[in-house]
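Student: Sequence unavailable; structure follows:
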């Protein structure tokens, strides 16, 4: 693991590292913010999963989250959104919604993706362990959040990672990848045609099951261009209603899919997680 | 004037416009944040001048200023850092510290720059008037701030714009362009060899004169890579000491030249300006 950037920020440190990932079979970058409180002992940690086309840097530079992380004494880990580098296959047509920058937080079973596209294992096991071993964070107090594809990743991982995360939140998540174009394209390629496999990566399906009921906060802008075709938060609400899951879904008037939306509410999400950690 | 982007942000609106600039002889983009309070009446306005290589977008996406602007009910206007487009000359070698993205907030007198590189007039007169006429801002309550080259721009403009701005602040300003490589290169090309011309664009010279004493706050990171060669805040302090100017210069331990530094203190700068408006 090699440090590639360090910047003081709100009294803490914004750090960026490169490391060799065995889960993904390539070198990966990730960012971690350590609040001032981490100078004095272990702090709780929030994992942030970004959306399509992002790297580990978008959230770090655009969300303004460090201020709130410093207030609440929370570390924030931001991984990349897919494997990268030579030998890692990409969408044959270079589309932005699949392949590089679009790992969808699954473990791929199909060729040529299976050797590299294991973002679920990377986040849940490899990175989680790496961070816990190398930074002053308390991995027993971990939460997870994300945006769009990363909101899907955060919810599906939180609900299936057997107690690894204490709370989960999402901004404009892909609520049911099985039922939207982005998701169907990715799941078919990464997982093949077996619908039962897809269900394990579908937030609305998982929310309808009898799972552990982690605190779950979702914000969705009603001016989001992707709302009706790709995101479909009503499917999340329907699933929660059917299983009695205490989902807190908030429609935010006038907000779109951008980081201006995330910046506006990330403070409330961090406060939500801090209260649960 | 044409709107090219609009995003809801912290209950207000982050807007981006394109317009034809007569001062610069080209089309220009600028960004403006209108806080929620602007829905109900005119609000005070902060002009933000960015540094080398920036456009109007860097501050808007990276500084996290909208939160504080919404709290204090302040609009923020962010212009580009130079003229742009076909016919606008650039550094012959494409250097990043001169020409495009590096207008230095002067009115050029030398060819081939004089026809376009009039960023001072653009900010002080054309944009100021355009914003006052088209948005719910109170131009009688205006402040100005900026970063690096933009910190130099903010201080020199505030001290010579005869009461147009009520307060001024800067992050890591080029304190004396006459006495650093970035500044000497730019001033020689834009203004020619006459040192007296340069002095009108040198914050340390101006601060040493008997000018109106606007409230002036400067933050400078002590881990800034450009500190000793380009920024030289001690020259600003010396000038203030000699003229009795009540400069508030704060050295910030461990901070560098990046937007992580700006984000960490922009809230205090906005509170400073709000108190003076």
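Tutor: Sure thing, it's come through. Bear in mind the structure is a predicted one, so any value in this text is a computation, not a measurement.
Student: Backbone torsions only: list them for whichever residue of the stretch 51-200 of chain A sits closest to chain B.
Tutor: Nearest residue of the stretch 51-200 of chain A to chain B, counting by CB to the nearest CB: residue A:64, 3.2 Å away. For the C-beta atoms, the positions are set from N, CA and C on the backbone; glycine is no exception. Here is the backbone geometry of residue A:64 (degrees, to the nearest 10): phi 70, psi 30.
Student: what residues are up against the closest residue to it other than its chain neighbours?
Tutor: In this structure, residue A:64 finds its nearest non-sequential neighbour in residue B:64, 3.2 Å apart by CB to CB, 6 or more residues apart in numbering or on different chains. Residues in contact with residue B:64 (CB atoms under 8 Å, 6 or more residues apart in numbering or on different chains) are A:64, A:67, A:263, B:263, B:266.
Student: and the second one, that one's in a helix?
Tutor: Spelled out, it's residue A:67. Yes. Assignment of residue A:67 by DSSP: H, G, I helix; E, B strand; the rest coil places it within a helix.
Student: Hmm, residue A:220 is touching residue A:169, no?
Tutor: No. The criterion here is CB atoms under 8 Å, and residue A:220 misses it with residue A:169 at 11.6 Å.
Student: Neighbour count: those two, which is higher?
Tutor: residue A:169 (30 against 24; other CB atoms under 10 Å in any protein chain shown).
Student: re earlier: so which of the contacts of residue B:64 wins on neighbours?
Tutor: Going by other CB under 10 Å, residue B:266 tops the contacts of residue B:64 with 29 neighbours.
Student: ok, and for the helix or strand where that residue lies, which residues are buried?
Tutor: In the assignment (DSSP states H and E), residue B:266 maps to helix B:259-276. Residues B:259-267, B:269-270, B:272-274, B:276 are the ones in helix B:259-276 that count as buried (16 or more other CB atoms under 10 Å in any protein chain shown).
Student: Now do the most centrally placed residue in chain A, the pLDDT please.
Tutor: The centre of chain A sits closest to residue A:49, judged by CA atoms, centre = their mean, with a distance of 2.3 Å. The score at residue A:49 is 98. That number is its pLDDT.
Student: ditto for residue A:273
Tutor: 98.
Student: Excluding chain neighbours, what is closest to residue A:170?
Tutor: The nearest residue in space to residue A:170 (CB to CB, 6+ apart) is residue A:151, at 3.1 Å.
Student: was I right about the one you found contacting residue A:174?
Tutor: Yes. Using CB under 8 Å, residue A:151 is in contact with residue A:174, at 6.7 Å.
Student: Please enumerate the shared neighbours of these two.
Tutor: What both residue A:151 and residue A:174 touch, as defined by CB under 8 Å, 6+ apart, is the set residue A:203.
Student: between these two, who's got more neighbours?
Tutor: Taking neighbours as other CB under 10 Å, residue A:151 and residue A:174 compare with residue A:174 leading, 32 against 29.
Student: Now the more buried one. Nearest residue, chain neighbours left out?
Tutor: Residue A:174's closest residue in space is residue A:152 (CB to CB, 6+ apart), at 4.1 Å.
Student: tell me, how many neighbours does the one you found end up with?
Tutor: By other CB under 10 Å, 32 other residues sit near residue A:152.
Student: Who are the packing partners of the strand or helix carrying it?
Tutor: When elements are assigned from DSSP H and E, residue A:152 belongs to helix A:149-160. Here helix A:149-160 touches strand A:43-49, helix A:119-121, strand A:137-147, strand A:167-171, helix A:203-208, strand A:216-221, going by 3 or more CB pairs under 8 Å, 6 or more residues apart in numbering or on different chains; DSSP states H and E.
Student: Which strands or helices does the longest one pack on?
Tutor: In terms of contacts (3+ CB pairs under 8 Å, 6+ apart), strand A:137-147 is packed against strand A:43-49, helix A:128-134, helix A:149-160, strand A:167-171, helix A:259-276.
Student: Now that strand: buried residues?
Tutor: A:137, A:141, A:142, A:143, A:144, A:145, A:146, A:147.
Student: which of the residues you listed lies closest to residue A:75?
Tutor: Set against residue A:75, the nearest of the buried residues of strand A:137-147 by CB to CB is residue A:137 (4.8 Å).
Student: Identify the farthest-apart pair in the contacts of residue B:64.
Tutor: Maximum pairwise distance among the contacts of residue B:64 (CB to CB): 12.9 Å, between A:263 and B:266.
Student: Kindly report the residues of the stretch 51-200 of chain A close to chain B.
Tutor: Contacts of the stretch 51-200 of chain A with chain B, taken as CB under 8 Å from any CB of the partner chain, map to A:61, A:62, A:64, A:66, A:67.
Student: let's see 10 Å
Tutor: By CB under 10 Å from any CB of the partner chain, the residues of the stretch 51-200 of chain A that approach chain B are A:58, A:60, A:61, A:62, A:63, A:64, A:65, A:66, A:67, A:68, A:70.
Student: which one is the first one nearest to, not counting chain neighbours?
Tutor: Nearest-residue entry for residue A:58: residue A:50, 5.6 Å, with adjacent residues in sequence omitted and distances by CB to CB, 6+ apart.
Student: How about the third one?
Tutor: Counting by CB to CB, 6+ apart, residue B:62 is the residue found nearest to residue A:61 once chain neighbours are left out, at 5.3 Å.
Student: could you measure the one you found against residue B:208, distance?
Tutor: Distance from residue B:62 to residue B:208, counting by CB to CB, to the nearest Å: 33 Å.
Student: same deal with residue A:200?
Tutor: From residue A:200 across to residue B:208, the span is 70 Å (CB to CB).
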